[in-house]
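In: I'll drop the sequence and a predicted model, then ask my questions.
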Amino acid sequence: MVRMSFSGLLQKVAFLMSLGLIASLGSPSLTRAQIPQTQAPLPSAAPFTPMGDITWEIEPTFDHASPFSEGLAPVRINNRWGYINRKGDMVIRPQFDETWGFSEGIALTKVGGKRSYINTEGKVVMRISPKVGFISPAFSDGVATLEVGDRWGYFEKNGKILFPPQLDRARDFSEGMAAIQKDEKWGYINRKGEVVIKPQFDGAWEFTNGLAAILLDGKLGYIKPNGEIAIAPQFEDSNDFKDGLAAVSIDDRWGYIDRTGAVIIQPQFVRAQDFSEGYAAVFLNGKYGYIDQSGELVIPPAYDDFVGLFSEGLAMVRVGRQAGYVSPNGELAIAPQFALASDFTNGIAPVKAGAKWGYLQHPKL
C-alpha cells in the first residue's frame, strides 16, 4: 500500500526545561536538501553539451543543488552544504554535512552528527538533543513532529511541546489537524493538542482539500473533518485529491474519482499520478503519457519511469536516462539531456548537467 508511504494534555514547557530534548532555544524547514532522486546518478558524467536553446538562471557549478524555498536553496560544494539566493550568491557558507530547505523561516541542518535549526542568516536558533530520534525538517502551522524512544509527539517552532512524545505514530498537521496513532488505532488532534476524532481507524493520513484518506478492514476511503465517512472504504490504494480528483486503485488498476466517490475515469492504468494543472501522468504499455480530466490521452505514452507533475506549464519527463520537459500539447519544450532534473518553481528548475548542478530558466520567460 503506497500510503503506508492520548492524552489531550497540552504542554507549554520548553524542551530544555521539560524533557531536555532541545537545547539553546532562540528567537526563532521543509524539503530535504537532496532533491528527490528520481533515478540514481550515472556512475560518471560526460561533458555537458546543450541540445537546443537553454538559458541558465544560475550556471551549473555545484556538486548538488536543491529547489528554492523561501528565497534560499541548499547547494553542495566539496561535500559541504550551504545556501544560495536567487542571484546565485552564497548567503550561508558551505559548512553542513546535511541540510534541508527552509520552512517557516528556519531550516534543519546537521554537522558531525549534531542537528540544529538555523535562521535565514545562518544563526543557530535551536539545538537538537541526541535523545531525539527523528525530527521533522518541515513545520506546518508552526508545528512539527519528533520521535523519542519510539514514541511520537509534536513541538512548536519556539521549542515548546504541543503534544508530548507518547504516541505510537504521528503525521504532519494539515488544515488544522494531524493524524495520530495510539494503541494501534488512528485518530486526529487539533492545533491545541486536543483529540477531535477519536482513534478508530487502521490507518489515517493528512487532510487535503477537506478530505483525508483512512484505512478500515484493509480498504481505503475518505473522511470529513468532523470524522464522518465521506467515501466508503473500498479502494486497494489511493492518493489525495488534487484538482478535484483522486487516483484510486481497484482490482490492481488505477482510475480517478471525484469528491462524491463517483468514478470519473475508469480504473485501467497500471500506475497513475495526481492531477496537476489539469493533467496526470499514467502508465500504459510500459511507458508514461498524460491524460486530461476527461480521461483522454493527450500526450501519448513515450516516456520512461519517474516523470513529473505539470508545474508552470511543463512536466519533467525521461527518455532512457535523460531528463527534459514536455508541454501540454506533447511537444518537448526542452529536449531530454539532463542526468537529473526537478519541476519548475518560480521560473527555475534545478538540473544536473554533466557532472554539475545548476538552475535552468523556464523557456517561456
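Out: Sure, I can see it.

In: quick one: the helices in the chain?
Out: With helices called from DSSP state H, the chain shows them at 15-18.

In: which residues of it score low on pLDDT?
Out: 1-46 (pLDDT under 70).

In: So Val125 versus Asn158, what's the distance?
Out: 10 Å (CB to CB, to the nearest Å). (C-beta placed from N, C-alpha, C; glycine too.)

In: Same question for Gly308.
Out: Applying CB to CB to Gly308 and Asn158 gives a distance of 36 Å.

In: Between the two, which is the more surrounded one?
Out: Neighbour count, other CB atoms under 10 Å: between Gly308 and Asn158, Gly308 has more, with 23 against 15.

In: Excluding covalently adjacent residues, which one is nearest to the more buried one?
Out: Met316 (3.5 Å; CB to CB, 6 or more residues apart in numbering).

In: Tell me who's in contact with the one you found.
Out: Residues counted as contacts of Met316 (CB atoms under 8 Å, 6 or more residues apart in numbering) are 38, 307-308, 323-325, 341-343, 349.

In: tell me which of those is nearest to Ser136?
Out: Set against Ser136, the nearest of the contacts of Met316 by CB to CB is Ser342 (21.2 Å).

In: For burial, what's the neighbour tally of that closest one?
Out: There are 23 residues near Ser342, going by other CB under 10 Å.

In: likewise Lys364?
Out: 11.

In: I'd say it and Gly313 touch.
Out: Yes: in this structure, Lys364 is within contact of Gly313 by CB atoms under 8 Å, at 6.9 Å.

In: first vs last residue of stretch 223-236, how far apart are they?
Out: Stretch 223-236 has its terminal residues 16 Å apart, counting by CA to CA, to the nearest Å.

In: In that stretch, which residues are buried?
Out: 223, 225, 230-231, 233, 235-236 (16 or more other CB atoms under 10 Å).

In: quick check, nearest of the residues you listed to Tyr279?
Out: Distances from Tyr279 to the buried residues of stretch 223-236, taken by CB to CB, are shortest for Phe235, at 22.1 Å.

In: my guess is the closest one contacts Gly221, does it?
Out: Yes: counting by CB under 8 Å, Phe235 does reach Gly221; the two are 7.0 Å apart.

In: Leaving out chain neighbours, which residue sits closest to Gly203?
Out: Leu215 (3.2 Å).

In: Oh, that last question was meant for Lys356, not what I typed.
Out: Nearest to Lys356 is Pro60, by CB to CB, 6+ apart, at 4.0 Å.

In: For that neighbour, which residues are in contact?
Out: Per CB under 8 Å, 6+ apart, neighbours of Pro60: 48, 351-354, 356-358.

In: quick one: it from Ala339, how far?
Out: 11 Å.

In: Spell out which residues are contacts of both of these two.
Out: Residues touching both Pro60 and Ala339 (CB under 8 Å, 6+ apart): 352-354.

In: Who wins on neighbours among those?
Out: So for the shared contacts of Pro60 and Ala339 (other CB under 10 Å), the most neighbours sit at Lys352, 24 neighbours.

In: Just to check, it is in contact with Gln337?
Out: No: taking contacts as CB under 8 Å, Lys352 lies outside contact range of Gln337: 10.4 Å.

In: How much space separates the closest residue to Val326 other than its chain neighbours from Arg253?
Out: Spatially, and ignoring its direct neighbours in sequence, Val326 is nearest to Val317 (4.9 Å; CB to CB, 6+ apart). Look at Val317 and Arg253: by CB to CB, they are 23 Å apart.

In: out of the two, which sits in the more crowded spot?
Out: Using other CB under 10 Å as the criterion, Val317 and Arg253 rank with Val317 on top: 25 against 15.

In: Which residues are in contact with that one?
Out: Neighbouring residues of Val317 by CB under 8 Å, 6+ apart: 288, 303, 307-308, 323-326, 332, 336.
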